[in-house]
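> Fold the following, please.
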Amino acid sequence: MRALRLGLAALMLGALLAAAGCGGGSSSSSNESSADDWASGLCSALTTWTNSVKSAGDELKGNVSKDSLNTASDDIKSASDTLVSDLKDLGKPNTKQGQDAKNAMDQLSNQVKSDVTQMQSDVKNASGVQGAATAASSVSTALSTMGNQINSAASKLDAADPDGELKKAFQNASACDSLTSSSS
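Sure, this is the predicted structure:
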């Protein structure tokens, strides 16, 4: 799980660096997934979100204007809405501590929604050059906060996995390779 946290941190760092330049899992009818399916779904959701957020941040490089901030903010909101939906769709993994893992993802979903709402409000209320700079800072801060929250969720998953069931599932899931390989 430490490798996953480090991989998530490395993946988020790429997204955060891009932003700083601006100044679905399967589930069964009982909403319970095998640990491998759950891990794969989580990694796929995080990878898709990170790539989308990085792309939005790249759009701001050298082009900080009210329009570019609105576009980036909308793109980040869209990516985050998809992430939240994907996290909720994961349900809980079929492990001894599956409910704890689900609770950690539910908490992350709520935090991401709150961060996006604040970011969008800051961007919407921006006016003039100084306002654009402040809004750009808000975008960067929101992404940094989300990165910290993802790392915190990974720590909660680690704590909720005393038997190593999820750790093994993350190692088995090819969708997690891009998250864990960057820390190897």
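
> For the rest of this, base every contact and every neighbour count on C-alpha atoms.
Noted.

> Can you tell me which helices and strands the helix or strand encompassing residue 36 packs against?
Secondary structure here is read from DSSP states H and E; on that basis residue 36 sits in helix 35-60. Applying 3 or more C-alpha pairs under 8 Å, 6 or more residues apart in numbering; DSSP states H and E, one finds that helix 35-60 contacts helix 2-20, helix 66-90, strand 92-93, helix 165-172, helix 177-181.

> Give me the distance from it to the chain's centre.
Here the centre of helix 35-60 is set off from its chain's centre by 6 Å, with C-alpha atoms, centre = their mean, to the nearest Å.

> low-confidence ranges in the protein?
The model of the chain has pLDDT under 70 over residues 1-31, 180-184.

> show me the contacts for the residue nearest to residue 124 when sequence neighbours are not counted.
Leaving out its chain neighbours, the residue that sits closest to residue 124 by C-alpha to C-alpha, 6 or more residues apart in numbering is residue 70, at 7.2 Å. Applying C-alpha atoms under 8 Å, 6 or more residues apart in numbering, we find residue 70 in contact with 120, 123, 124.

> now that we have those residues, which one has the most neighbours?
residue 123 (26 neighbours; other C-alpha atoms under 10 Å).

> Against residue 72, how distant is it?
10 Å (C-alpha to C-alpha, to the nearest Å).

> The closest residue to residue 174 other than its chain neighbours and residue 90, how far apart?
Setting aside the residues directly before and after it, residue 174 is nearest to residue 40 in space (C-alpha to C-alpha, 6+ apart), at 7.1 Å. Applying C-alpha to C-alpha, the value for residue 40 to residue 90 is 10 Å.
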